[in-house]
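Chemist: just need the structure, nothing else, for what follows:
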Amino acid sequence: MSTIAERAAIRRRIQAVGLWLATFLLMVIMCLPGLWVVLAAFRPNREILAKPPIWVPQQLTLNNFAKIFGFGSDQVGIPVLAYFTNSMVIAMTSTVIALVIGVGGGYAFARFRFRFKNGLFLGLMLFRAVPGIALSLPIFMLWSRIGLIDAQLGLIIVYVSLNVPFTIWLIDGFFRQIPISLSEAAQVDGCTRWQAFWKIEFPLARSGIAAAGVFAFLTSWNEFALASQLTRTTDSKTLPVGLMDFTAQFTIDWAGMCAMAVIIIVPALILTFLVQKHLISGLTFGGVKG
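Modeler: Sure, this is the predicted structure:
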């Protein structure tokens, strides 16, 4: 019996090690493009374009970042700070608006009964299933008629409409996990419906709200297809669209493009690390609907 148990334990250990190795290799493969971009941001363009390729960097420099920010003699005429400001304003504004609507909509779907509730919820999910690029032409035609082309407001409205269905769906799952008896007990103790929501239910659902906020921000921060169609000048161009400024008729400034890509990646990483605790607990807490 002991021999059988030992063999089973060894088999489980081998399976665990094999699973760990497979996961590690998969993560390495997934991270290689990102690692290449980060390394290329600190390498000169001639080293990036060298043939045969130079896999291990021979020279690391900050000149690529200095050029795109306008320092030094070899400057790149790209308004990175303006693009960064546009991206931050558009992403933050659309995220806040989507969260406000998502919290209200998610709470309503989780707690109230009203006519056409299931149909409205299904309609929101079907709208979320439509890829944003498929809506680019009608949005462009409509926005051109009402004067929202090359305006931050135009992109904010588009990103809010894209993020609201997902935030409502995600936050609805978290509120369903919170027992309604907690709110009822608070109201029995003298709280109003709003006080019960704000002091009891909202704090319990903040992990899910944080998770929805991160996904909404990343969607707005990284989106390129619609932004490239609806922006024209530095008044509204975002960082992903600004990457195309590094392409010329016959050449591409890969070093500058990678440096700007790192600038795009850093705020998203910082936000993810800041809310990592809430993000993990939120994704696991709202994973199963009651």
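Chemist: would you map out the domains in this protein?
Modeler: 2-62, 80-285 (automatic domain parsing).
Chemist: return the most buried member of these.
Modeler: Of all the domains of the chain, domain 80-285 carries the top mean neighbour count, a mean of 17, counting by mean count of other C-beta atoms under 10 Å. (Glycine included, C-beta is placed from N, CA and C.)
Chemist: re earlier: mean pLDDT added to the domains of the chain, as JSON lines?
Modeler: Putting the domains of the chain into JSON lines (pLDDT from 0 to 100) gives the following:
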{"stretch": "domain 2-62", "mean pLDDT": "84"}
{"stretch": "domain 80-285", "mean pLDDT": "86"}
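Chemist: any chance of the ones you listed in CSV, plus distance to residue 71?
Modeler: Below are the domains of the chain laid out as CSV (distance: least, C-beta to C-beta, whole Å):
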stretch, distance to residue 71
domain 2-62, 9
domain 80-285, 11
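Chemist: residue 68: which of those is closest?
Modeler: Residue 68 lies closest, by C-beta to C-beta, to one member of these: domain 80-285, at 5.1 Å.
Chemist: so how far is that closest one off the chain centroid?
Modeler: 8 Å (C-alpha atoms, centre = their mean, to the nearest Å).
Chemist: one more: stretch 79-96?
Modeler: 14 Å.
Chemist: which outside residues touch it?
Modeler: 68-69, 152, 155-156, 159-160, 163, 213, 216-217, 220-221, 234-242, 260, 263-264, 267 (C-beta atoms under 8 Å, 6 or more residues apart in numbering).
Chemist: need the next SSE after the helix or strand hosting residue 173, C-terminal direction.
Modeler: Using DSSP states H and E, residue 173 maps to helix 152-177. Following helix 152-177 in sequence order, the next helix or strand is helix 180-188 (DSSP H and E).
Chemist: what helices and strands are in contact with that next one?
Modeler: Judged by 3 or more C-beta pairs under 8 Å, 6 or more residues apart in numbering; DSSP states H and E, helix 180-188 is in contact with helix 193-196.
Chemist: what is the helix it packs on packed up against?
Modeler: Using 3+ C-beta pairs under 8 Å, 6+ apart: helix 193-196 touches helix 180-188.
Chemist: which residues touch the helix it packs on?
Modeler: Here helix 180-188 has contacts from 111, 193, 195-197, 199-201, 204, using C-beta under 8 Å, 6+ apart.
Chemist: just these now: which is nearest residue 20?
Modeler: Using C-beta to C-beta, residue 204 comes nearest to residue 20 of the contacts of helix 180-188, at 34.6 Å.
Chemist: where's that closest one relative to residue 63, distance?
Modeler: Distance, residue 204 to residue 63, using C-beta to C-beta, to the nearest Å: 50 Å.
Chemist: nearest residue to the residue nearest in space to the middle of the chain other than its sequence neighbours?
Modeler: Nearest to the geometric centre of the chain sits residue 218, at 1.7 Å (C-alpha atoms, centre = their mean). Leaving aside its chain neighbours, residue 218 sits nearest to residue 268 (5.8 Å; criterion: C-beta to C-beta, 6 or more residues apart in numbering).
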